[in-house]
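Chemist: generate coordinates for the sequence data below:
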Amino acid sequence: MKRAEGLRLQLDAVTYLKAVKRLMSVTYRDLSRILEIPESVLSRYVTGDMLPSLETARGMLKTLWERYPPWSVVGARFKTFDTYVDMSFVSLPEFWRLYEIYLAERFPGLEVERVLTAAADGIPLAVAAASRLEVPLVVAKLYREPGVENYEYTYVREGKPLTLYVPVTQIERGDRVFIIDDIARSGKTVRALAELAKRAGATVAAASVLVARRDLYIDVDFPIDILYRY
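Modeler: Model (predicted):
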């Protein structure tokens with residue numbers, strides 16, 4: 001294993017530990033019991049005073065993933081109400097890091113040139129994805145910037161026509177694109193983003209949707225992952 005890969009493994013283990021502690025309100029005592037690591041050592045991992053060995057990091061990630069998989073974390077924080085859904089946890093840095101680790105596990109070896117999302121709620125997740133993949137982020141906006149040539153696509157969402165705009169300079173012909181969406185109720189936004197990529201001469205390599213309705217099926221010609229269904 002290359003040194004950078006080993007360091008990534010160590011940092012991911014600590015990141016997962018911190019995410020679980022914050023997002024699931026798990027105590028050091030409980031984590032110590034689950035991981036069989038003294039509380040004092042876990043505390044030093046969290047504060048950054050030390051890193052676990054590669055072997056320990058690998059075991060931590062495996063155990064934490066099995067005990068607190070990403071979908072269970074989303075399920076614990078995701079709330080539905082009569083008129084809206086509460087996804088405020090998406091704004092927490094700890095969740096961004098957890099999502100990065102999930103994407104790396106779900107899409108190993110994914111090679112793309114762009115991450116594409118729609119404004120505005122999916123942007124934090126798309127930033128996390130672009131950071132992990134080390135590629136530029138492209139945000140399809142709901143307005144046309146003055147004097148800018150755009151690719152655009154209009155579709156109907158919740159009975160209202162919406163147009164997404166992407167400057168032509170932000171996606172190049174032949175690019176492989178990774179689509180990120182925070183919540184899918186009909187799948188129309190994912191399909192709209194895919195159409196924008198197509199109009200730019202790009203190819204959609206895959207898509208990740210954080211939350212979708214339980215009965216939703218999105219008919220697309222590329223792999224699409226849904227982390228949590230409600």
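Chemist: check the offset of the longest helix seen in the chain from the chain's centre.
Modeler: Longest helix of the chain, by residue count under DSSP state H: helix 3-23. Centre-to-centre, helix 3-23 and its host chain are 16 Å apart (CA atoms, centre = their mean, to the nearest Å).
Chemist: with stretch 87-103 instead?
Modeler: For stretch 87-103 - counting by CA atoms, centre = their mean - the centre lies 7 Å from the chain centre.
Chemist: so what touches that stretch?
Modeler: Stretch 87-103 is contacted by residues 12, 15-16, 18-19, 22-23, 61, 70, 73-74, 77-78, 110, 121, 124-125, 127-129, 131-133, 182-183, 208, 210-211, 227 when judged by CB atoms under 8 Å, 6 or more residues apart in numbering. Using the backbone N, CA and C atoms, a C-beta is placed for each residue, glycine as well.
Chemist: hmm, which of the residues you listed are the buried ones?
Modeler: 12, 15-16, 18-19, 22-23, 61, 70, 73-74, 77-78, 110, 124-125, 127-129, 132-133, 182-183, 208, 210-211, 227 (16 or more other CB atoms under 10 Å).
Chemist: so which of those residues belong to helices?
Modeler: 12, 15-16, 18-19, 22-23, 61, 70, 73-74, 77, 124-125, 127-129, 132-133.
Chemist: phi, psi for the residue of the chain most remote from its centre please.
Modeler: Most distant residue from the mean C-alpha position of the chain: G147, 32.1 Å away (CA atoms, centre = their mean). Here is the backbone geometry of G147 (degrees, to the nearest 10): phi 70, psi 10.
Chemist: pLDDT score for it?
Modeler: Note for G147: predicted pLDDT of 94.
Chemist: likewise for L125?
Modeler: Listed pLDDT for L125 reads 98.
Chemist: ok, and the closest non-adjacent residue to it?
Modeler: Spatial nearest neighbour of L125, excluding adjacent residues (CB to CB, 6 or more residues apart in numbering): I180 at 5.3 Å.
Chemist: start and end of stretch 129-148, how far apart?
Modeler: Using CA to CA, to the nearest Å, the end-to-end distance of stretch 129-148 comes to 26 Å.
Chemist: what are the buried residues along it?
Modeler: Those would be 129-130, 132-133, 135, 137-141, for stretch 129-148 by 16+ other CB under 10 Å.
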